[in-house]
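Student: build me a model:
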Amino acid sequence: MNFTLLLFILLLITGLAWAAGWGYERWRGRAREERSVVVEYARSLFPVILVVFLIRSFVVEPFKIPSGSMLPTLRVGDFILVNKFEYGLRIPLVGWKLTDGEPPQRGDVIVFQYPRNPSVDYIKRIVAVPGDRVAFRDHTLVVNGEPVPRTYQDRFVYRNGSGKMVYANRYAEKTDTHSYHVLYTETRNGRPIPDAVRVPEGQYFVMGDNRDNSNDSRYWGTVPESHILGEAFLIWWSWDGRENAPRWGRLGGWVQ
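Tutor: Presented below is the predicted three-dimensional model:
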């Protein structure tokens with residue numbers, strides 16, 4: 001079940017139980033000392049659940065990185081925080097916009113609802129915004145007819161989900177507002193886009209930083225603006241599942 005929906009249901013249950021208990025006490029004239037255990041629990045839990053619900057809905061929301069599609073920027077087991085108000089506030093669950101925020105930019109790392117199954121959240125990087133023409137060929141990202149600037153950094157080695165070693169080249173890539181790293185695998189090419197496609201209005205083209213190992217807009221299309229949940233900005237915890245130990249050096253790192 002969607003965790004926001006679960007919080008909302010708990011909020012309703014505790015709020016109604018507290019209100020019903022208070023109304024019953026007023027009607028019967030019972031003393032506070034005679035309150036039922038249920039009412040006491042509801043009275044204690046309601047404000048806590050309300051605060052958590054408001055923070056997750058309008059301020060920040062935690063998210064766990066489930067795959068290696070965003071390597072080297074984010075690793076499996078990273079726990080990040082997502083800014084919920086950068087792109088404007090939305091009413092929880094229904095997604096109606098309350099305020100206008102800053103428009104998403106090329107280079108932003110976003111968490112969004114997977115267009116083919118909105119109950120699943122994905123994380124990728126925006127590489128093209130509405131009106132852009134984007135192509136991807138020969139390990140080169142091209143936006144509006146210009147290759148996105150990149151500089152070779154070094155070799156990068158990691159284990160994939162099955163434990164196999166993967167060898168890749170790491171590049172520094174730049175947009176007008178962002179500088180970050182991407183990977184290109186030596187023995188595999190991600191799906192190409194040989195002919196430039198135009199990004200429709202209200203849509204965003206996203207890709208994983210692990211360019212040859214990412215299920216992204218090259219395979220299933222663009223992301224509607226209404227599906228964007230927020231911008232990733234901070235790694236607050238990181239757990240190495242193979243070593244069963246924290247990655248202390250990643251704690252507090254900004255998502256570039």
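Student: please, where are all the helices along the stretch 151-256 of the chain?
Tutor: Per DSSP state H, counting those that start in this stretch, the stretch 151-256 of the chain carries helices over the ranges 217-220.
Student: what is the burial count for the nearest residue in space to Arg106 that is not next to it in sequence?
Tutor: The spatially closest residue to Arg106, leaving aside those adjacent along the chain, is Thr175, at 4.5 Å (CB to CB, 6 or more residues apart in numbering). In this view, the C-beta of every residue, glycine as well, is placed from N, C-alpha and C. Applying other CB atoms under 10 Å, we find 17 residues neighbouring Thr175.
Student: for the chain, which spans come out with low pLDDT?
Tutor: Along the chain, the parts satisfying pLDDT under 70 run over 1, 22, 24-35.
Student: domain-wise, how is it divided?
Tutor: Following automatic domain parsing, one finds the domains of the chain at 3-58, 60-254.
Student: deepest-packed of the ones you listed, please.
Tutor: domain 60-254 (a mean of 16; mean count of other CB atoms under 10 Å).
Student: so what's the gap between it and the chain middle?
Tutor: Remark: domain 60-254 is offset 9 Å from the chain centroid, using CA atoms, centre = their mean, to the nearest Å.
Student: quick one: end-to-end distance for it.
Tutor: This stretch, domain 60-254, spans 14 Å end to end (CA to CA, to the nearest Å).
Student: could you do stretch 217-231 as well?
Tutor: 18 Å.
Student: next one: stretch 179-193
Tutor: One end of stretch 179-193 sits 23 Å from the other (CA to CA).
Student: which residues are in contact with it?
Tutor: Identification of contacts with stretch 179-193 by CB atoms under 8 Å, 6 or more residues apart in numbering yields 71-73, 107, 125, 134-139, 150, 153, 156, 166-173, 209-214, 218-219, 256.
Student: out of these, list just those in strands.
Tutor: Using DSSP state E, the subset of these located in strands is 125, 134-137, 150, 153, 156, 166-173.
Student: would you mind listing the two of the residues you listed that lie farthest apart?
Tutor: Spatially, the most separated pair among those is Val134 and Tyr167, at 27.1 Å (CB to CB).
Student: all strands of the stretch 101-250 of the chain, in order?
Tutor: Along the stretch 101-250 of the chain, counting by DSSP state E, counting those that start in this stretch, strands occupy 109-114, 117-128, 133-137, 140-143, 146-147, 150-159, 165-174, 179-185, 193-198, 203-207, 223-224, 228-240, 245-246.
Student: show me what contacts Pro62?
Tutor: By CB under 8 Å, 6+ apart, the contact set of Pro62 is Phe79, Ile80, Leu81, Val82, Trp236.
Student: check Leu98 too.
Tutor: Gly88, Leu89, Arg90, Ile91 are the contacts of Leu98 under CB under 8 Å, 6+ apart.
Student: please apply the same query to Leu5.
Tutor: Neighbouring residues of Leu5 by CB under 8 Å, 6+ apart: Leu93.
Student: host element of it?
Tutor: Per DSSP states H and E, Leu5 falls inside helix 3-28.
Student: how far does that helix sit from the chain's center?
Tutor: 31 Å.
Student: got a list of what the residue nearest to Arg106 touches?
Tutor: When contacts are counted by CB under 8 Å, 6+ apart, Thr175 touches Gln105, Arg106, Gly107, Val148.
Student: got those as CSV, with distance to Asp121 columns?
Tutor: Formatted as CSV, the contacts of Thr175 follow (distance: CB to CB, whole Å):
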residue, distance to Asp121
Gln105, 20
Arg106, 21
Gly107, 20
Val148, 26
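Student: spatially, which two of those residues are the most separated?
Tutor: Farthest-apart pair in the contacts of Thr175 is Gln105 and Val148; separation 13.5 Å (CB to CB).
Student: if we can go back for a sec, nearest to Leu6, of the contacts of Leu98?
Tutor: Using CB to CB, the contacts of Leu98 come closest to Leu6 at Ile91, 17.1 Å.
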